[in-house]
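# sequence? don't have it. structure:
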């Protein structure tokens, strides 16, 4: 059952917490949140959900949070995130979600710039980070920690447990039962309620401000364009600091009555996903790339009979998908075979990875290789490509059902207009566009003109109105021969290989394209173990000739899908994984291209100077905390 | 929900009166033929204390533990637990009195899952008969659920969710040590004896284990005796340390005292020639 469209229309006039309170009254005993705890899925009904949010709001008011205050949320994918965010927003406070993987010094900068008054922290680890920077974040008056494990040794009044906050709230409610409703009714839909960090691939991340009405509008677009019903399942796997988790986890789930499911731990995700059977997943390409390579690697180890069925099923799936792409109808025998193999191969396979009930799967965030989409669609997963950016309220372009095209990112959602500027930049206009950047009016003026947002991406519209994204405008590279290309185009294709986790290519102003490659440690490790290849660490494995041959083979195969002038000529298998803690990746896993090419400048130059080996400086942190520098040799490999 | 985490029924119910664990060992003597393992060793442990026993290889640490837990019978000397003499009692009798332990060389059932291994630690508390179990009566179901919950609390506390259904034989060494600790906790002990729980672990595993052991002692007030080689760990978490060498107690005191004790330095580094 879907939420009545008339009711949805009414929601446009309200704030998110107001809508939430209305929905909770109607949906009452229906499940709103599920969390696996002590091995059992615990259900939180809408009624209980409201109670938690209320108590958090009351508790926060006791701690001193007022309308317009800033509350930072440094919590993993847990129900407490929802309570903290909605509770704060019900009071009229503005929330910002931060990645729990941030380091203390990054946190200090971000919290100060945001001006947080209260911080919700996940556990002892996060609290320790905050305590270490306490002198720098003087504006923070209270830290609320969720997980009490290990916290009994702390007696600092700066800290309060989430449980105690709820108890405070309960007391306050008894004293003044009407307070919550009064505060709730004071909210206006134009008020800013949420800030989201941009990923910061170039420079410092900016805080993008949204008002209630932006979020509501974005959520409504998704509800209008997707078959979401009350009780459908969303599984919360991407960090809440990502815009899409905000739009779906808060916006869509509240407006549509969808159930939020939280896995027990990140490590148990695969199993939990299978138990829940999510109806929708919208996440980063890495998830889908890993899913595809997991299936491929698992099938390599399967028995002969299973393998035979799988190979045949894949062939049939691919044939069907090819016809679908060409918009041809399926002949009778193919339709029959597709149904048969859905029963024999596709459904059991998807069930194994927890994707058998997916109505719609979307990949967005950065480019994905068409190969991944082709593969997953061939085994029956409805995977589509989306495109968007934080400032526009997340993904605003997606393949409509039945109009899948591998190279495009589909069509705009309802009430969204997309056009191409004279210099080929993609512009978007929609009511859910952001309000502005926090304390940065100048940049807002630069990117927002007459209601059109400059995306910073270059692209074009094809004859059917599908958008094709070429890449970041500032990242487009030009070889000395004149060919221009987007590094994303090549990297996304390289990353299809189950043995390649990350790729960074170079070539701006040079004669040919070169690249760094990071191994998929898990898959290469099992590949090496199966061949009895001894190794010690990642960096040892990456410099073994046999592994280098494996990767060279993969690159040669992938090169064939790439136009001749921009094929990768030389590669280096990096001695380490790129890591957000070393500032090489953003927290959502995008490569910070400028930083990486600056840091490894010598390696890149050596590739163009025809050397066969290069030296790289590496820092090693010993157990006692002392740091030393060592030099490692990495080989430069010729692809051809 | 995480906010409500950390209520370990096995440990919470055990204190404070039920958690009483006063151990007294008097003049213990044990020899294997001509080899003297323990000579006149005495020690005392008070409720809630964290005592470590250290010493070079072959100093008699494990022998001492084996005497306390009933695996060896000392030739001379007496052991009292909460006022009752337990010298020479068989291991299961000693376990019943509230002493549980982990082993240096992991003694788990490799072909059972993690949950099953931990559930085995609950066997003392199982309260149903053969016939109700045959028909899986409601009371049996209730009992099963109760014990499973306790096991799940321990799994949550020791952060073993991702491996709960895995066979113990397929787990890495460090994780098996954690399962051993879980099983010892499932016994609802009053006194927990850990025989080299950190041996053979990588740094991260060790750090996790230290965190758990510390939490067990400090937060839940469980009395702990630890035998360990890693001096860094011992010095950082113990309240009192006993040093054994060639079966004899050479020193006893708080970590700072032990660190500078000449006998201890001699035992570990040898004498100057």
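Structure received. Computed from a predicted model, the values in this text were never measured in an experiment.

# So what are the sheet partners of the helix or strand of chain A with the lowest mean pLDDT and their directions?
Each helix and strand of chain A was given a mean pLDDT (mean pLDDT, DSSP states H and E); the minimum falls on strand A:613-621 at a mean of 83. In the sheet, strand A:613-621 lines up against strand A:627-638 (antiparallel) (DSSP bridges).

# shouldn't residue A:388 be in contact with residue A:413?
No - look at residue A:388 against residue A:413 with CB atoms under 8 Å: they stay out of range, at 9.1 Å. From N, CA and C alone the C-beta is placed, and that goes for glycine too.

# Have a look at the chain and report its longest helix.
You didn't say which chain, so I picked chain A. helix A:304-325 (DSSP state H).

# not quite, I wanted chain B
Longest helix in chain B by number of residues (criterion: DSSP H): helix B:138-157.

# hmm, that one touching chain A?
Yes - contact of helix B:138-157 with chain A (CB under 8 Å from any CB of the partner chain) involves B:148-149, B:152-153, B:155-157.

# Just the buried residues out of these, in PyMOL syntax.
The PyMOL selection below is limited to those of these classed as buried (16 or more other CB atoms under 10 Å in any protein chain shown):
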select buried, chain B and resi 148+152+153+155+156+157
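
# residue ranges with poor pLDDT in chain B?
Along chain B, the parts satisfying pLDDT under 70 run over B:6-18, B:271-273.

# separation between the residue nearest the centre of it and residue B:228?
In chain B, the centroid-proximal residue (CA atoms, centre = their mean) is residue B:193; its distance is 2.5 Å. Distance, residue B:193 to residue B:228, using CB to CB, to the nearest Å: 12 Å.

# Measure how buried residue A:572 is and give me the count.
Applying other CB atoms under 10 Å in any protein chain shown, we find 24 residues neighbouring residue A:572.

# got the angle between the helix or strand hosting it and strand A:627-638?
Per DSSP states H and E: residue A:572 is located in strand A:568-573. Interaxial angle of strand A:568-573 relative to strand A:627-638 (axes from the mean of the first three to the mean of the last three CA atoms, to 10 degrees): 150 degrees.

# Next, give phi and psi for residue 241.
Reading this off chain A. Taking degrees, to the nearest 10, you get phi -80, psi -10 for the backbone angles of residue A:241.

# oops, I was thinking of chain B
When read as degrees, to the nearest 10, the backbone of residue B:241 gives phi -130, psi 140.

# That one reaches residue B:256, doesn't it?
No - at 10.0 Å, residue B:241 does not count as touching residue B:256 under the criterion of CB under 8 Å.

# Comparing the two, which shows the higher neighbour count?
Taking neighbours as other CB under 10 Å, residue B:241 and residue B:256 compare with residue B:241 leading, 26 against 10.

# Run through the residues that contact that one.
When contacts are counted by CB atoms under 8 Å, 6 or more residues apart in numbering or on different chains, residue B:241 touches B:51-54, B:234-235, B:251-255, B:258.

# quick one on the thing from earlier: so how far is whichever helix or strand comes after the strand holding residue A:572 off the chain centroid?
Note on strand A:568-573: by DSSP H and E, the next helix or strand toward the C-terminus is helix A:593-599. From the chain centre to the centre of helix A:593-599 is a distance of 22 Å (CA atoms, centre = their mean, to the nearest Å).

# for stretch B:121-134, same thing?
Using CA atoms, centre = their mean, the distance from the centre of stretch B:121-134 to the centre of the chain it belongs to is 25 Å.

# now swap in stretch B:264-273 and tell me
That offset, for stretch B:264-273, works out to 29 Å (CA atoms, centre = their mean).

# Kindly report the same for stretch A:290-298.
The chain centre lies 19 Å from the centre of stretch A:290-298; the measure is CA atoms, centre = their mean.

# Quick one: residues contacting residue A:73.
A:81, A:84-85, A:95-98, A:119-120, A:240 are the contacts of residue A:73 under CB under 8 Å, 6+ apart.

# ok, it to residue A:505 distance?
Residue A:73 is 36 Å from residue A:505, where distance means CB to CB.

# Could you check the angle the helix or strand just after the longest helix of chain A makes with helix A:304-325?
Once the chain leaves helix A:304-325, the next helix or strand it forms, by DSSP H and E, is helix A:332-341. Angle of helix A:332-341 versus helix A:304-325, following the same axes, to 10 degrees, is 130 degrees.

# residues in chain A within reach of chain B, list them.
Taking CB under 8 Å from any CB as the contact definition, chain A meets chain B at A:35, A:37-40, A:42, A:78-80, A:122-123, A:146-150, A:152-153, A:161-163, A:166, A:264-265, A:267-268, A:623.

# Contact partners for the closest residue in space to residue A:27 that isn't next to it in sequence?
With sequence-adjacent residues excluded and distances taken as CB to CB, 6 or more residues apart in numbering or on different chains, residue A:27 is closest to residue A:46, at 4.2 Å. Residues near residue A:46 by CB under 8 Å, 6+ apart: A:23-24, A:27-32.
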